[in-house]
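K.L.:
3D model of this:
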Amino acid sequence: MRVALETSAPDRAGLLTSLVAGEGSATHSWLHSAELNAGSDATRNLSDMLHLLTMLHGPQPGLIELVAEHNIWPGGDAWLADAARGFANERGNLGQLIVAAGPVPSTPGEAATVSALLAQRQAMATIARSDRFGCAIGAAVGLLHDWLPIRATMEAAAERLNVPFAPLRLPSEDDTAHMLASMPDKPRLERTLVFGARQIMLHHQCLLDLLATRSSARLG
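P.N.:
Residues are numbered from 1 along each chain as shown. Next up, the predicted model:
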């Protein structure tokens, strides 16, 4: 499903919300699968997901920090600082769950997995440093929106494993909408925001594809 890039008015928040709902991680079958959430291999598959998510989003500076470092629009500084603090909280949740879920499961093709994730991190860093106005902000907003369905799976796992799970501290929808609405009008800004957000969703889709493939490989 592709979301239209043109809107009758610059409702940038609505545009990105619709984009993520139609193309984001919530649409991927692996995230809702019994293999990840309820089956006999769920804890092992969860551990794999947590470790790979940590490889992608754990090292610092991460995507949001890089966007903040290279941001040339002062109006986005406060939102980015809030987003960075909130995502640091999410890294803490990842760490707590990894301890409970156990080590990364032995899986064929480990070297290829590491290589793929390093390439994804490099690609995200390129987006974060983009000089196209709106691209990096779109990527940061896309990450926070697309993180929510991933987080829901993590929170359900925390309940199963009886692990403390810190509450969400990411910027509110209203704060994000206000930040996006206050961006100065530039040619093709909405298109550029969508491009940035879509790149992050594609990386998450690739990660979920990889997790499903790794699960099958462990079964032989």
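K.L.:
tell me what the biggest helix by length in the chain is packed against?
P.N.:
Ranked by residue count under DSSP state H, the longest helix found in the chain is helix 189-219. Helix 189-219 is packed against helix 12-23, helix 34-37, helix 42-57, helix 110-128, helix 135-161, with contacts defined by 3 or more C-beta pairs under 8 Å, 6 or more residues apart in numbering; DSSP states H and E. For glycine as for every other residue, the C-beta is placed from the backbone atoms N, C-alpha and C.
K.L.:
can I get the ones you listed in TSV including mean neighbour count and distance to L170?
P.N.:
TSV is the format used below for the helices and strands packed on helix 189-219 (neighbours: other C-beta atoms under 10 Å; distance: least, C-beta to C-beta, whole Å):
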stretch	mean neighbour count	distance to L170
helix 12-23	20	13
helix 34-37	18	23
helix 42-57	21	13
helix 110-128	16	17
helix 135-161	22	5
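K.L.:
any stretches of the protein with poor pLDDT?
P.N.:
1-9 (pLDDT under 70).
K.L.:
contact partners for the closest residue to S130 other than its chain neighbours?
P.N.:
Spatial nearest neighbour of S130, excluding adjacent residues (C-beta to C-beta, 6 or more residues apart in numbering): A136 at 5.3 Å. By C-beta atoms under 8 Å, 6 or more residues apart in numbering, the residues touching A136 are 66-67, 70-71, 127-130, 196.
K.L.:
let's see 6 Å
P.N.:
67, 128, 130 (C-beta atoms under 6 Å, 6 or more residues apart in numbering).
K.L.:
what's around I72, how many residues?
P.N.:
Residues contacting I72 under the criterion other C-beta atoms under 10 Å number 8.
K.L.:
er, G62 actually
P.N.:
By the measure other C-beta under 10 Å, the count of residues near G62 is 20.
K.L.:
swap in S216?
P.N.:
Counted with other C-beta under 10 Å, S216 comes out at 11.
K.L.:
so which of the helices and strands packed on helix 189-219 gets nearest G95?
P.N.:
helix 42-57 (7.7 Å; C-beta to C-beta).
K.L.:
and the closest one, what does it pack against?
P.N.:
Helix 42-57 sits against helix 77-101, helix 189-219, with contacts defined as 3 or more C-beta pairs under 6 Å, 6 or more residues apart in numbering; DSSP states H and E.
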